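S.K.: Generate coordinates for the sequence data below:
(chains A and B, ligands or ions: 1)
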Amino acid sequence: MRILEDRNKIKFTAMFFLLAGSVFSWHRELLAEDGKNIDEHRLQIMNLYRQGTAGIPELEKALNDKSTLTRRAAVRALADMGEPAIGALIKATDNEDALVRRIALLELTKAGADKSTQYLEKSLADKDVTIREDAVKKLIVIKPRTEEIKKLMQQAQKDECMDVRAPVTAALWPFQKEVVLLKDRPDMADHTARIKLEQSIELPVKGWKFKVDTKLDGHVRQWFKPNLNDSKWKDISIGLWKDAHIGIAWQRLSFTLPSKPDFTAVELRFGAVDESAWVWINGKYAGHHDIGPEGYNKEFSLDVTNELKWGEKNQLTVRVLNTEVGGGIWKPVYIDALKFR
Amino acid sequence: MISFRIISTYFIFTLLIASAFGTEPGQEKEIISIVESGRTVFQRMEPDAGLCLSIRNSGEKTLSAVSARINSADNILRDKIAIPDISPQSSISVKIPIDTTLKPGKYDTGLHFTGMLENLQFDKEITLIIIIVPRQNKDEFPVILWSVSSLDKIKGIGFTHAGLPLSRNYENIWKKGKPLGLQSNNLLKKMDDAMSSGIRCMINMLPGECISASENLKMKYQRIDRNGGTYRRCGLCGNFPEIQNYFYNVGASIAMSYGKHPAFQAVNINTEVRDTSEICFHKHDRDAYITYSGEDFPAEVSSKRGLSAALKQKYVPVNGIVPDDNTILKFYKWFWKEGDAWNILNSKVHEGLKTSGRPDFWTFNDPAGRVPPTWGSGGDVDAISHWTYTYPDPLRMALAVDELFAMAKGKPGQKVMKMTQVIWYRKQTAPTLPAKEKYRAEWEKKEPDATFITTAPDHLREAFWLKISRPVQGIMYFGTGVLFGEGKSQRLTNPETLKVLSELLHKTLAPLGPTLLQVPGIRPDVAILESFTSSVFGEEATWGWARGWTGDAHLMLQWARLQPEVIYEETIVRDGLDGVKVLLTPNCSVLPVSVFEKIREFQRKGGIIVADQNLAPALKSDILLRKFTRNGPPDKSKTELQNMASKLRDELKEVYTPSLDSSDSDVIVYRRAYKDTDYIFAINDKRTYGDYVGHHRKVMEKGLPNTAELFLKRKNVCVYDLTENREILTKSTENGIKWNADLAPGGGRLYMVSSRPLEKIIIDVAPRKEDEQKVRISAKVTDKKLQPLDAVVPMEIKIIDPKGKEAEFSGYYGAKDGIQEINLDLAKNDGPGTWIIKAKELATGKTAEAAFKFIKK
Ligand SMILES: [Zn+2]
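M.R.: Residues are numbered from 1 along each chain as shown, chains lettered A, B, ... in the order given. Below is the predicted model:
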């Protein structure tokens, strides 16, 4: 590298000082480490894996070692052995240390493992949230989704912790609508230039209602129903980016539309919702925008040609998921009447 | 009889000669004009220094027998040079040499021209001031202000470098396709002004702007998406060969034009461009990838941010371990090193600039952190830098700088700098103006519509200590508007901040900076892995913002007083994890086989893996820390993370305790070392909500005084507080030493820990025999056996000339290996008499004095 050679040759530099070797010198051992004995014992236990199955009894004993880190080292070695260590791993599922239980349960609930459903159930009943979360991650990808699995998922949906409930709720999400925008319709493929925006109505920024869905069951309680009594919900305005909530919250608005214009299709267009949104119009599911946190500033539209009532009062409900700062509908919402000409 | 009229603008002298030949008064015709091309300030010993003049003869007769002579009061500047004849209607350029061996000072100078226009003689003297400035102290710690306001003002604050505005119009270079001289007298004059104020200059260079500004060029050269469409916000495609040449040519043009000016020392290349990077689908981009990998772009890639979580399953097995040549991984490795071309374009500008051949000139790229965790951001620049806002926790500063060191690991020799934004986004610190006047802070009453406000003084102080605790080779600040009240959207809302900054620069950095530049970092035994592979497969990377779980995990380690090193996958593959005892792996759900194997080997040798619940299932952690999400005001998050920190320390306790520690989780400690001398930083993070922005509950901006007991696992050592120049009394413990540290709000201290006590400071002065104008000074800091310490010791040296004035090279130094040498070059206009050298070491404040006599031959 040319620059470096230059620099090494010339000492008179304003900014860079030449140091022998790198900017970082190697870590110099200070005084002898504490806990050396525990560490040595832990290493001995870890090395038992080299003995193969012969090491199992010793490892099983180490599951109750006074050092937590040694116990965890033992269960790791057992999990790496797999099948021959099953008995010891089953015992480990009752260990007082949560991480020991977790490592054992993860091994016992591996896809295709014998009696894995039984250990998924045991995992779901564990007091440690991470273990229950592990079980949920596995449950939601199991195919086919048998009655037994569904039952476990429904159980998980009632979990006290949101990190456990959220993935199951998403997996069991009952609302589906295939949204095809006018421009994306196959019959429009060569004619998108002929789609004109006939009329655009901006929905009010004020007069919205807001409620955080801590139990993640707003959709089960049908918070999207037009006649829901939301008078006790918080009053908010949309259109500003602010710290609103982390997790799921619902936003509702009633608005009146003018008489029916001439259109081919009507689309509900959101300037941006931070981060994901599920939308109902007049109690009917209209679709969602859910591409992860990156969706927070992306405009999206949903076809609502058949859901809106012109010349009447309408009700819009938006369920918003936000995982990082901000949250909610923070840019204007429009109803676009499109006409194919 | 010839009459003269001299027009002197700021930088040009025009000599108007009104000929007497039949010209009415008021109708003078310009016959001879002499334009001085900018520089009147020179650095001592600057080679080839001279006043550049352009002389034009606009008359009808030849100008002959021309000469120019410099006269100065003591007649010591070099004199009289002959100038060739100047034909009618033509110009010549001449350079009148300046003797820069003279002592620094202001020289009132007359520039005397004589010549003949046919048989008429002209004879004129112009007066000007020539300034010779002292040479720069090479130990000075660079402190850069991003953009300049008043030069005098910023020197007074303690900055060493200022960003100068440079025209960013390089259209001609593009058109000509080669480097061009751009010389702007205006800019050279600004550099002169800066140099005479003791300030050196930095320039921001963005060659791409000029291309993007032209609609036609932009259409041709911007990045295109998979469908051939344009991205909403994206920069140039750097894989066009002509774009690469152009970037080189702009660098070379700047070098050609300004490269010789000693004040011009640094260029920030292509700032912020990485934000506008996107995957480009031109044929040449795809061909480049085919050349690299033998394959076309994978069908699924469309965003620089990696694959969506939905597509992850297709490429990542359940155990989270992918082959190193995984199709997607391979693509993104290429993209971030070469494919997006910004590293290449930075290198091109750098290469062009380096044609000036100046050893004291450096290039850098800021913010270099806008990439996933990978080596090589910034390309071949001499230094990488990154800016950070201090809210909500000033400790965030540390992650961004630790990431830069991880990035630079792939380029041995590349240096790291660090910048603080002095601006605060109001919407993130004090967003809503309180409705009732009585609830408003003072500044909210005065500046209710500010968009950017001034960083709180205690935050600035803490951020400063964090930056300098790392072995950075320069620091930088942005925010002239919030410091000086000169902005529109930036408002000066806290005048204390500037006072604090000035105090830090004068009282801390000036004396200790030269030492800090020379003390390397250590490799800590706690590392935090930022996984490139995981970021490719849907996990959040920090992108230099020091946010998210990785940002909070790094904060947590600091509050746990477990000095962390940020480590990248490439470093693990190359260097392994030897020396590391604890490895924290936030967001590491996908790892390549090579990294997985090294980590497993590390764990099997006894290393401790601390992981969140999403660690690639093929690895099993020793300690689990659940991924943390901020939910609530910053005091709540801080408490939660400090609880996590103490839980981690507890779990580690049986096998690991840090060798440097503090008794308070709000007192952060950091160690560097030179040979067997340790340099220990203690930094106070104890904060609460104050009356500046605290009422918004967004930032705890008010620092509180704090006391802690510090512990170091070393025995039989002496501890010196370099911030107060005194030895510290320590208490011996079973396995080390302890001492107390009192810390100001947001404040810090720097201790030097030496195995041998510092007993003496000695000065030797040795005039060299062959030439007594050259004098070597050597100041030594020694133990009682007069052996120099194996340390870099901060030292102040004053060189006082016979007239009692501080001479060149007076200033602060870091005496490496206990010895500081200075070579004086006495000038021919230095008066005879006794010179006095005073030295003071800043560990205990001991002083020494020496003198020598200068007898003029
Ligand atoms: Zn391209």
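S.K.: B:Met407 and B:Arg370: what is the separation?
M.R.: 11 Å (CB to CB, to the nearest Å). Bear in mind the C-beta positions are built from the backbone N, C-alpha and C, glycine included.
S.K.: Equivalent analysis for A:Phe300, please.
M.R.: Counting by CB to CB, the gap from A:Phe300 to B:Arg370 is 26 Å.
S.K.: Also A:Gly239?
M.R.: For A:Gly239 relative to B:Arg370 (CB to CB), the value is 29 Å.
S.K.: With A:Leu216 instead?
M.R.: Relative to B:Arg370, and taking CB to CB, A:Leu216 is found at 35 Å.
S.K.: One more: B:Pro794?
M.R.: Taking CB to CB, one finds B:Pro794 at 35 Å from B:Arg370.
S.K.: Check A:Ala113 too.
M.R.: From A:Ala113 to B:Arg370 the distance is 44 Å (CB to CB).
S.K.: just so I have it, where are all the strands in chain A?
M.R.: A:24-25, A:195-202, A:208-212, A:234-236, A:247-256, A:265-270, A:273-274, A:276-281, A:284-289, A:300-303, A:313-322, A:328-329, A:333-340 (DSSP state E).
S.K.: So which bits of the fourth one are buried?
M.R.: Think strand A:234-236. Across strand A:234-236, burial judged by 16 or more other CB atoms under 10 Å in any protein chain shown covers A:Ile236.
S.K.: okay, now the domains of chain B?
M.R.: Per automatic domain parsing, the structural domains of chain B span B:4-133, B:143-277+B:338-516, B:279-337, B:760-854.
S.K.: And the contacts of stretch A:87-99?
M.R.: A:56, A:59-60, A:63-64, A:68, A:71-72, A:75, A:78-79, A:100-101, A:103-105, A:107-108, A:119, A:122, A:126-128, A:130-131, B:621, B:623-624 (CB atoms under 8 Å, 6 or more residues apart in numbering or on different chains).
S.K.: Just give me the neighbour total for the residue nearest to B:Gln89 when sequence neighbours are not counted.
M.R.: Closest residue to B:Gln89 apart from its sequence neighbours, by CB to CB, 6 or more residues apart in numbering or on different chains: B:Ser58 at 6.5 Å. The local packing of B:Ser58 (other CB atoms under 10 Å in any protein chain shown) involves 15 other residues.
S.K.: same deal with A:Val279?
M.R.: Number of residues near A:Val279 (other CB under 10 Å) recorded here: 27.
S.K.: likewise B:Thr40?
M.R.: Residue crowding around B:Thr40 was assessed by other CB under 10 Å; the count is 19.
S.K.: ok now do it, which residues does it touch?
M.R.: Taking CB under 8 Å, 6+ apart, one finds B:51, B:128-131, B:192 in contact with B:Thr40.
S.K.: and these, which are buried?
M.R.: By 16+ other CB under 10 Å, the contacts of B:Thr40 give B:51, B:130-131, B:192 as buried.
S.K.: any residue of the helix ranked longest in chain A up close to chain B?
M.R.: Secondary structure of chain A per DSSP state H: the longest helix is helix A:68-81. Yes. Judged by CB under 8 Å from any CB of the partner chain, helix A:68-81 comes into contact with chain B at A:68-69, A:72-73, A:76, A:79.
S.K.: Tell me which other helices or strands that helix touches.
M.R.: helix A:36-46, helix A:56-62, helix A:86-92, helix A:98-108 (3 or more CB pairs under 8 Å, 6 or more residues apart in numbering or on different chains; DSSP states H and E).
S.K.: which parts of the third one are buried?
M.R.: Within helix A:86-92, the residues that count as buried by 16+ other CB under 10 Å are A:86, A:88-89, A:92.
S.K.: Rebuild the residues you listed as CSV, extending it with pLDDT.
M.R.: Shown next, in CSV, are the buried residues of helix A:86-92 (pLDDT from 0 to 100):
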residue, pLDDT
A:Ile86, 95
A:Ala88, 96
A:Leu89, 97
A:Ala92, 97
